[in-house]
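Student: this is the structure alone, sequence omitted:
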């Protein structure tokens with residue numbers, strides 16, 4: 001009986017730890033199911049007809065489910081551009097490699113503003129062709145594309161170059177600040193134009209949205225379940241050592 005008494009507290013601690021690890025594993029499996037459903041919903045929605053872009057009344061409610069929403073806007077481009085550095089390894093259009101995405105401010109007919117990603121400029125494009133490419137269409141226009149939620153840089157993201165208006169994350173708030181836009185009327189997202197918006201000159205090359213979701217939930221679930229199995233194994237080994245201790249050999 002003494003051995004079983006010694007196991008009481010370790011057994012309770014192991015049971016609590018096991019319950020926590022299993023709950024975390026099953027929670028990640030639930031998250032995996034939710035994420036797979038979200039990805040399927042987004043992939044289906046991309047091909048649907050565009051809907052009006054979300055206005056200020058709905059901005060607070062935007063979340064991951066709204067990313068890649070196919071939207072349409074009416075209004076006019078404003079002066080100025082900001083740039084997002086990227087490298088197209090598998091471009092949809094003929095141009096790829098390192099370069100810049102051109103973000104231009106767009107004032108809607110309802111009076112609020114959104115940054116519109118007009119498309120890709122190859123790094124080697126310079127001089128007059130570059131200047132022509134940076135000139136946005138004049139007058140009232142209708143544009144459509146995919147909504148992309150703003151993102152905040154993390155500790156691995158290089159610092160932006162405000163002088164050159166160059167960013168390494170889609171931080172629309174910071175981009176808008178450099179352009180002198182009113183933060184209260186600036187959408188917390190940008191819009192990547194559809195490929196049809198590519199001008200006759202071929203640049204900026206629109207339609208280069210990379211549809212990608214971070215989906216590590218299966219890996220996390222396997223990690224938690226693996227830790228749970230390890231905990232069970234360690235406890236059983238400890239219990240065996242308590243209940244059936246090895247006899248110490250004695251010398252002659």
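Tutor: Cool, the structure landed. Keep in mind the model is a prediction, meaning the values are calculated, not measured. Numbers count the residues shown, from 1 in each chain.

Student: return the backbone torsion pair for residue 84.
Tutor: phi -120, psi 120 (degrees, to the nearest 10).

Student: bridging residues for the spatially closest residue to it that is not a sequence neighbour?
Tutor: Distances taken as C-beta to C-beta, 6 or more residues apart in numbering put residue 101 closest to residue 84, at 4.3 Å, once the chain neighbours are dropped. Where you see a C-beta, it was placed from the backbone N, CA and C, and this is true even at glycine. For residue 101, the beta-bridge partners are residue 84, residue 120 (DSSP bridges).

Student: for this structure, which segments count as helices?
Tutor: With DSSP state H as the criterion, the chain has helices at 2-46, 127-134, 172-178, 217-243.

Student: which residues does the closest residue to residue 228 other than its chain neighbours contact?
Tutor: For residue 228, ignoring the flanking residues on the chain, the nearest one in space by C-beta to C-beta, 6+ apart is residue 21 at 3.9 Å. Going by C-beta atoms under 8 Å, 6 or more residues apart in numbering, residue 21 touches 224, 225, 227, 228, 231.

Student: how about 6 Å then?
Tutor: 224, 227, 228 (C-beta atoms under 6 Å, 6 or more residues apart in numbering).

Student: list just the nearest of those residues to residue 114.
Tutor: Taking C-beta to C-beta as the measure, residue 114 lies nearest residue 224 of the contacts of residue 21, at 40.4 Å.

Student: now that closest one: closest residue in space that isn't a chain neighbour?
Tutor: Using C-beta to C-beta, 6+ apart and skipping the chain neighbours, the partner closest in space to residue 224 is residue 25 (3.7 Å).

Student: I'd like to know how far the one you found sits from residue 217.
Tutor: As for residue 25, its distance to residue 217 is 10 Å (criterion: C-beta to C-beta, to the nearest Å).

Student: thinking again about what came up before, for PyMOL, write a command that selects the buried ones of the contacts of residue 21.
Tutor: The buried residues among the contacts of residue 21 can be selected in PyMOL (16 or more other C-beta atoms under 10 Å) with this line:
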select buried, resi 224+227+228
